[in-house]
Each structure stands twice: as structure tokens, then as C-alpha cells.
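Student: Pasting the sequence and the predicted coordinates here, then a few questions.
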Amino acid sequence: MQTQLKTLFVDCQTGYSKMKRYTFGDFFGPVDLGLHLAGKYNSLNIGAGLLAGSIFPGSNRMIFSGFSPCWGGFFISSMGGAALVFDNLGINMLSLVQKAAAPSVLYLNRIHGEEIQLEIHPLNIEKIWHSGRGGIYSLMDEVYSMFADLYSTDPRILAAGPAAKMTDFGAIGSVPIVKGKLTHVDGWAGRGGMGSKMFREHNIAAVIYGGTHVDEDFRDRKVADQWFFDRYQKKMTAVDFDATTKYRFEPNFETGGTFGVNYASLGGNMLFFNYKSIYMKEEERTALHEKYIVNHYLKQFNDETIKTKQQKNCGEPCAALCKKMHGRYKKDYEPYQAMGPLSGIFDQRAAELINHKADMYGFDAISVGGIISWLMECMADKLLLPEDLGVEKNPVFSIDGFDPVTDSMHNAEIGAGILDSIIHKKGILDLTEGARKFARRLARKKGREVLDKFLYTSFARKGWMVPNQYWTPGVLSPMAIMGKYYMHYGKDFLAPRKLGEANAQRMVQELMLDNLGMCRFHRAWAEDMMPDIIESIFGVKDKFMDNIRQTAGRINSRNASVFWESERNIDFVYHFLKRKQTVESSKDAELLNWISKFEENKHEAALDYWYEIHRGMSQALNEFN
Ligand code: SF4
């Protein structure tokens, strides 16, 4: 029975470390403790949940928390499987404070019950990033060659790339290392700019960790099976297998993973060409979905990945096998959508080219995809010239006569050029202070129209986030943390007040999973079972759930969301509502009322709509303060 949460503080400036123990019951996991530490030390906190190393599938997610450089508020980002190796350090949390004198790698190793070995080594980071496989890949290669001999079991490496230096939204990437070899199965703490935080605020480019310390983790399969049997009349692995069908193989769609299932089912809800699809007729959207997605982009994926069963896990033994591969490329819906159809790319070869480059540089793929698609539309509409962005050609950014192979590759090459320009500050591209500030400055020079094409959510003075790739108002909600699933992203129409309430409920559920270091792909049983599992193992269910609600309230108390700044946000919501009426024939009185408000005065209606979501969410979350 756990009585303390052990946190290793590392002062990156001096290399000193200190172990601090927090009473279990005051804190329960990497989110509530991370929130406390971020407020006190502005630290980057990297932690595992209570059940890391246990037999529960999905319990080894690594949780990163701290104040986000791009969002501007407290943020939580996570990475599948990376906490399994972290558990071998025998700590719950690593907390980075202060800044090393030069870009460095942090080495952590624990051999059985001994003290954790810790070193901070300076790196010639520019040389490493620009050699070998490039970016995070060459950094992982270099760090592994430096330290591999010191580990008797496979360690894991967290790496930041040039995007962490040159922007506020650099991610942290990692791959499982299996039998001494780095695999191609990338995992990402993508959202929230935690790579930028690690690199810019602490001068840590990489962390290598591992060891042989063995904890007393819950591993009694017989007991766990009985809990699952009592609830579902099935053993744990059978329940988990059913719950993760979508991520493995969904027979109804004859595909699998987020890429396969989303693209098989999107139809007229598709988003493409920087959201310009919202202005099209339903027949045009569905025709494009059929022609370019079902018969090409998705077909390639099904032929190359699903039929050949190229699927892996994230590093923990998980039956979901959600990592859908094609050689060295991993296919997830959101990156392959943002740097896919959203950027005028409908072909796997083209999408692989640009996604791999973005990954190599260590970008948050969704955010950079949103920026690329925005800049492409600006070029296509002659608001920006290719030379402004350090590229040579204009994109093909219209459905008319679009060739899915050649035009996709044409656009991918331009997108890849924009990635180079961001990293090397070519043309006018300077994203060191983030895309929102860049967009505002650009609008002052080139006109408001430029800003109005950029879809993003705003937080405080300069915080920004490209939303999740679903056509639903939930992704533009004024929540304290956006860009992940702390909101309702279903396709159904909810009146905005109700949407705010649904957001609050989702936030509490997702926080619970994050605070336990649970992978949300197991949420079908985990949200239901975890409170009781916590009761059975630790005897603190009520306190644990109270703490989650309080944590949600505390995060929300810092909510500085700002009303939609871009016309595209407003249009995104209005056309969603209109589609419900005209395509899905909804007669919902509240829906029709909102549509007529938007048609009367769309800016005023949008402001009311936004505040209604805010109100619903605030009412629900303020109760927890
Ligand atoms: S569903 Fe995917 S990310 Fe989640 S634990 Fe399983 S393999 Fe890892």
C-alpha cells in the first residue's frame, strides 16, 4: 500500500537532486501533484500513475505537466507506455527546475535498491539535430550510444527537436527500445509545447531513464479478474479486448485505429483545405470523402497497414495494438488529418513525407498542421507570396480537378518547405513567440483577412491551440485546457449551456484517467471501474474522487480563455449548426433558435454562444472549488 509519492527534484543548473516525499492522500497522482509543483516552482513534472507497472492494461502512460509555453496556462500532456520503464526508477515523479548552462541530456539509472544515478551532460545539440536521421531521431541515437552500456535492461529516451528551440509548441518524442534497438513506434507528448518547455526553460534536450528497481506493483491477476467478472461477467483481458476494438480492428468498418475508423465514418463531416470544407455543399463533401478518402487515402492505409497487420503497442503489453504502422511511419488520425486533408494532402506517400519531417523536427503535429493549412490558404488566396514563407510554389488548394497523388505531393513538398522555414526562420516566419502573436502581427501588416483564416483557440494574452480535428463546437470551447479531450467532441448538437456542462463532466473523467496515468483508449471500462479498483487496493475511493473534482476546479480557477478571435472559428460553429438543420434535418427548437441568431448577427450570436458554453462549464466546475 502506497503511503508516499516520491518526487525527484533535479536542479538542471547545478545538477543537484533532492528526493521529496508527499503524503498519499494529500496527493494521488501526477496531475494533482504536478499542479501543486507547477504553482510552486514552475517546474516541468514528468510522472507515472499509481498503477504503473501493474497488470492493468493502459496503466503506464507517462504524464507531463506544468505551465505550457504555447497555451499559457497549466497543461497536461501524455505519452503511451513510457511510464513502464520509468517505474523501474522507483519514483512517482521527476520534477525539473532551473536551467542548465548549455543544452544537455539528463541521465537517470537505478540499479536494484541503490540510489538513482544522475548526471547532466552537455550536448552539441545543433550538430546532433542536423546529422544522421535528423532532429529527435539523431538525438535519440546519440543519447543511446552514449549511455546504453550503463543499463542492463532497455531504457527509454525522451527527446526534443529543433521545434522546441524555435517555437513555443515543440513536443517530446520517444520510442520503445526493444532488445537494444530503437523501434520506429513514435510516442508523443505532443500537445502543450512540453518539448519547448523542457528545452527552453531547463536546457534539457533529452532524458534517458531506466533501471532494474522492482516495486511492489499490483499484479494479482486472479483478484483483478474477479473484480471484472463481478462487473462484466468476463475476465479483465476479455473486457479490455472488447473495449479497445476500435483501436485494433473494427469489423464493422473493416479497418482499425483512429485513422481507419475516423476516415471510414466521417462522410460529410470531413474537414479539408484549411476548414474551407465547412462552406461547401454536403454533396461536395461526401463526394470528396468517397473519391479521395475512401477510394484512395483510406484504401492505401487499409491495404498497406491493416491487411498486412502492421500494428504495434506503445511499449506496454497492450492488446489494443493501436500503433498502426507502414514501415517507419506511424499513422494516427489527427496528425495525418492536420498534415493530410486539412493541408490539401490526400495521399499516403505525401502525408508520410510531411508528417515524418514534422516529427523529425519535434513539432506538435496537430498545431503545425493547422498553421501549414492556414498559410497555404493565405498563399492560394494571394494574401501571402511563396517567398514570404521561404518556399517556391503556390499550393493547389481547391477541389476542382485535384489530383490526389501529384497535387498531394506538390502540397506536401510546400508544407515540408514551410517546416524548414519555421526552423530556419526564412521569409517572415518567426514562431518563437507562437502562432497567435505571429498571426496578429501579420494581420497588422497584411490585413485582418489573414488572421480570419486561422482556426485556433485563445488563452490569456498570447496562448493558442489548434483544435482537435473534429467538426464540432466542443473543440472550440473556452475550457482551461484545450487541445486534448477535456471537452465534449461528439457530433451531436448540444445547446451551448449543456455543452459546457458536458465539457465539465468530460474534464473530470479525463482528469481521473490522467491522474492515474491511464491510457484513454481503455476508458470504456477504466472510467467505470477505476474508482472501485482504487477503493479495493487503497481504500480511498471517495477521497480520490473528491480530489479529482477539486483539481478540476483548481485548474478551472485559472481559466483565462479568450473569445474567438478569428472569423473562421465563428463560421466553423455556424456551419456545424446549419448542417444539423439542412443535412440531418434536426428540428430541435434550440438549434433553430441559434441558427436564426447567427443569421441575424453572427458576431453577437457567436459571443453569446461562447459565453453560454463558458457558463455551463463554470457552473459545473465552480461547485468543486
Ligand atoms: S491503446 Fe495504444 S497507447 Fe494505449 S496503452 Fe494500448 S498500445 Fe499504448
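Tutor: Cool, got the structure. Numbers count the residues shown, from 1 in each chain.

Student: Hmm, Ala350 is touching Thr406, no?
Tutor: No. Using CB atoms under 8 Å, Ala350 is not in contact with Thr406; the gap is 9.1 Å. Every residue, glycine included, has its C-beta placed from N, CA and C.

Student: Between the two, point out the one with more neighbours.
Tutor: Neighbour count, other CB atoms under 10 Å: between Ala350 and Thr406, Ala350 has more, with 27 against 12.

Student: Helix or strand for that one, just tell me which one.
Tutor: Assigned by DSSP states H and E, Ala350 falls within helix 348-361.

Student: Could you list the buried residues of that helix?
Tutor: Buried residues in helix 348-361, counted by 16 or more other CB atoms under 10 Å: 348, 350-361.

Student: Out of those, which is nearest to Leu577?
Tutor: Of all the buried residues of helix 348-361, Ala351 has the smallest distance to Leu577: 30.7 Å, by CB to CB.

Student: What's the per-residue pLDDT of the closest one here?
Tutor: In this model, Ala351 is scored at 98, pLDDT.

Student: Isn't it up against Asn411?
Tutor: No. Ala351 lies out of contact with Asn411 (CB under 8 Å); the separation is 9.9 Å.

Student: any residues in contact with both of the two?
Tutor: Residues touching both Ala351 and Asn411 (CB atoms under 8 Å, 6 or more residues apart in numbering): Ile345.

Student: residues in contact with Arg248?
Tutor: Contact partners of Arg248, counting by CB under 8 Å, 6+ apart, are Gly256, Gly257, Gln311, Ala319, Ala320, Leu321, Cys322.

Student: and the ligand, which of these contact it?
Tutor: Ala320, Cys322 (CB under 6 Å from any ligand atom).

Student: mind listing which of the contacts of Arg248 are in strands?
Tutor: Gln311 (DSSP state E).

Student: Point out the other helices and strands that the helix holding Ala350 packs with.
Tutor: With contacts defined as 3 or more CB pairs under 8 Å, 6 or more residues apart in numbering; DSSP states H and E, helix 348-361 has these neighbours: helix 135-147, helix 162-166, strand 329-331, helix 333-338, helix 365-380, helix 406-424.

Student: Just the pLDDT for the closest residue in space to Phe459 that isn't next to it in sequence.
Tutor: Excluding its sequence neighbours, the residue lying closest to Phe459 (CB to CB, 6 or more residues apart in numbering) is Gly72, at 5.0 Å. Looking at Gly72, its pLDDT stands at 98.

Student: Distance check, Gly72 against Pro341.
Tutor: 29 Å (CB to CB, to the nearest Å).

Student: Spatially nearest residue to Asp186, not counting backbone neighbours?
Tutor: Once flanking residues are discounted, Asp186 sits nearest to Lys330: 5.3 Å by CB to CB, 6+ apart.

Student: Could you give the number of residues near the one you found?
Tutor: Look at Lys330: counted by other CB under 10 Å, it has 29 neighbours.

Student: who touches it in this structure?
Tutor: Applying CB under 8 Å, 6+ apart, we find Lys330 in contact with His184, Val185, Asp186, Lys323, Lys324.

Student: bridging residues for it?
Tutor: Counting by DSSP bridges, Lys330 forms beta bridges with Met325.

Student: How many residues are close by Gln619?
Tutor: Using other CB under 10 Å, Gln619 has 13 neighbouring residues.

Student: If we only consider the buried residues of helix 348-361, which is nearest to the ligand?
Tutor: Asp359 (16.3 Å; CB to the nearest ligand atom).

Student: Could I get the phi/psi values of the nearest residue to that closest one once chain neighbours are set aside?
Tutor: In this structure, Asp359 finds its nearest non-sequential neighbour in Asp186, 6.0 Å apart by CB to CB, 6+ apart. Per-residue torsions, Asp186: phi -60, psi 140 (degrees, to the nearest 10).

Student: didn't Asp186 look like it was pressed against Gly173?
Tutor: Yes. Between Asp186 and Gly173 there is a contact under CB under 8 Å: 5.7 Å.

Student: list residues touching both of these two?
Tutor: Between them, Asp186 and Gly173 share these contacting residues under CB under 8 Å, 6+ apart: Asp359.

Student: Render the CA-only coordinates of the helix or strand harbouring His603 in CSV, please.
Tutor: Per DSSP H and E: His603 is located in helix 602-622. Output of helix 602-622 as CSV, limited to C-alpha atoms (Å, rounded to 0.1, in the frame of the first residue of the first chain):
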residue,chain,number,x,y,z
LYS,A,602,-23.2,36.3,-36.4
HIS,A,603,-20.7,38.1,-34.2
GLU,A,604,-23.1,38.8,-31.5
ALA,A,605,-24.6,35.3,-31.7
ALA,A,606,-21.1,33.8,-31.5
LEU,A,607,-20.2,35.8,-28.4
ASP,A,608,-23.4,34.7,-26.7
TYR,A,609,-22.8,31.1,-27.8
TRP,A,610,-19.3,31.2,-26.4
TYR,A,611,-20.4,32.7,-23.1
GLU,A,612,-23.2,30.1,-22.8
ILE,A,613,-20.6,27.3,-23.1
HIS,A,614,-18.5,29.1,-20.5
ARG,A,615,-21.4,29.5,-18.2
GLY,A,616,-22.4,25.8,-18.4
MET,A,617,-18.9,24.7,-17.7
SER,A,618,-18.3,27.3,-14.9
GLN,A,619,-21.5,26.4,-13.1
ALA,A,620,-20.5,22.7,-13.1
LEU,A,621,-16.9,23.2,-12.2
ASN,A,622,-17.3,26.0,-9.7
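
Student: So for it, what gets flagged as buried?
Tutor: Residues 602, 605-606, 609-614, 616-618, 620-621 are the ones in helix 602-622 that count as buried (16+ other CB under 10 Å).

Student: tell me what that helix is packed against?
Tutor: Counting contacts by 3+ CB pairs under 8 Å, 6+ apart, helix 602-622 packs against helix 496-515, helix 541-557, helix 567-582, helix 589-600.

Student: Out of those, which is closest to the ligand?
Tutor: Smallest distance to the ligand across the helices and strands packed on helix 602-622 (CB to the nearest ligand atom): 10.8 Å, for helix 496-515.

Student: now the closest one, how far from the chain's geometric center?
Tutor: Relative to the chain's own centre, helix 496-515 is displaced by 17 Å; criterion: CA atoms, centre = their mean, to the nearest Å.

Student: mean confidence score for that helix?
Tutor: Here the average pLDDT along helix 496-515 is 98.

Student: Which residues of the stretch 151-300 of the chain lie near the ligand?
Tutor: So the stretch 151-300 of the chain meets the ligand at Thr244, Tyr247 (CB under 6 Å from any ligand atom).
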